[in-house]
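Chemist: sequence plus predicted model, see below.
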Amino acid sequence: MSDFGPTDQRLRRVEARLPGFPVDAMRMVRMTNYLNKTFRDRTNALVRKYDLTDSSYTVLAILYGCVDESSSASELSESCREKPANLTRVCDELVARGLVDRSPKPGDRRSVVIKLSERGRALAEQVIPEVSEMVIAACSDFDPGELRRLCELYARLLDNLDGRA
């Protein structure tokens, strides 16, 4: 975590200059951002050989986890935490490669359904284990209880951000 040191020093300077600055909460936010960026960078490096990006991998992985391997575009956008315009671009690329199919939602022509194709399923089944290995390695010195507790804490934080606390 030596790369996080300069950020931690800056946060301490802000704390010294602004009494009451929530240094621990801000450190958690910065660490979360740092972790997210690091995981995205490592995922990008792993999936590059499949001509995927973290975003396109995420779409495939989410669809693979759906009951019928499909989702409405709006639900997929929410699940991916991608803006609709970016998700459209990612899905356009995946459609062009034959990895997903896009069609109007039955009964609602304004809504679009994105579905994993056979080719997309095969690629997901190849790539998901590789990304999972990277995540397992990153979490190797956590016991299952620690990982569950971390997930519980993140869930509480998400609830707080969504105003459900």
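Modeler: Perfect, thanks for sending it.
Chemist: tell me the bridge partners for residue 103.
Modeler: residue 113 (DSSP bridges).
Chemist: buried stuff in the helix or strand of the chain with the lowest mean pLDDT?
Modeler: Within the chain, no helix or strand scores below strand 108-116, which has a mean of 89 by mean pLDDT, DSSP states H and E. Neighbour-count burial for strand 108-116 flags 112, 113, 114, 115, 116 (criterion: 16 or more other Cβ atoms under 10 Å). All C-beta atoms are positioned from the backbone trio N, CA, C, and that covers glycine.
Chemist: tell me what it is packed against?
Modeler: helix 54-65, strand 70-72, helix 73-80, strand 100-105 (3 or more Cβ pairs under 8 Å, 6 or more residues apart in numbering; DSSP states H and E).
Chemist: how about 10 Å then?
Modeler: helix 54-65, strand 70-72, helix 73-80, helix 84-96, strand 100-105, helix 118-138 (3 or more Cβ pairs under 10 Å, 6 or more residues apart in numbering; DSSP states H and E).
Chemist: neighbouring contacts of the fourth one?
Modeler: The contact list for helix 84-96 (Cβ atoms under 10 Å, 6 or more residues apart in numbering) reads 51-53, 55-60, 63, 73-74, 76-83, 99-102, 112, 114, 116-117, 119-120, 123.
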